[in-house]
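Asker: Make a model of this:
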Amino acid sequence: MDKYRVTLTAEERADLEQMISCGKAAARKLAHARILLLADDSLGEQRSLEQIVAALGTSPRTVSRVRQQLVTEGLDIALCRRRQPPRPDKIKIKGDIEQRLVELACSDPPKGRCHWTLQLLADQLVALGLVDRVGLETVRLALKKTTSSPGSSAPGASRPRQTPSSSGAWKT
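Answerer: Predicted structure coming up:
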């Protein structure tokens, strides 16, 4: 006997069947809709966890989780993917370290190099003792977040310029 019993209303069942027949939704959402339709006890057909897993090719944990989410949180939560919460403690480059990275990237490169690479910047941050270790992607994202560009105040490769008129008419 399952702890979380799925009982859909006629309207919910029709919406899920419409979603599956249309097929214009995310694969995860369609799989969850199929799980809910098979787990529905309102029509008198009670399918076991093993039957649903065998029919859909999902894991038992997924079926259990979708059932639980429907009963405890509602249909929308059971169908849609939950976003991961932001993790500000995982951000290594912020504040003073970010400012120091931008200064470093705008400075002259080391002797024998023509420009800074992400690897050089990451190694320099570790050598300066600003971070214990840092990946190239972390450095890239920190630099991408800033809008500093040595030749421009606006982000981007070049400024848009006004094109001259080819008609030869007087400018007004």
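
Asker: Can you give me the domain assignment for the protein?
Answerer: Domains of the chain are assigned by automatic domain parsing as 10-79, 89-144.

Asker: export these to JSON lines and tack on distance to Tyr4 and mean pLDDT?
Answerer: (Glycine included, C-beta is placed from N, CA and C.) What follows is the domains of the chain, written out as JSON lines (distance: least, C-beta to C-beta, whole Å; pLDDT from 0 to 100):
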{"stretch": "domain 10-79", "distance to Tyr4": "4", "mean pLDDT": "91"}
{"stretch": "domain 89-144", "distance to Tyr4": "33", "mean pLDDT": "90"}
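
Asker: Make CSV out of these and add mean neighbour count.
Answerer: Shown next, in CSV, are those (neighbours: other C-beta atoms under 10 Å):
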stretch, mean neighbour count
domain 10-79, 15
domain 89-144, 13
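
Asker: Dump these to a markdown table, plus distance to Lys3.
Answerer: Formatted as a markdown table, the domains of the chain follow (distance: least, C-beta to C-beta, whole Å):
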| stretch | distance to Lys3 |
| --- | --- |
| domain 10-79 | 8 |
| domain 89-144 | 34 |
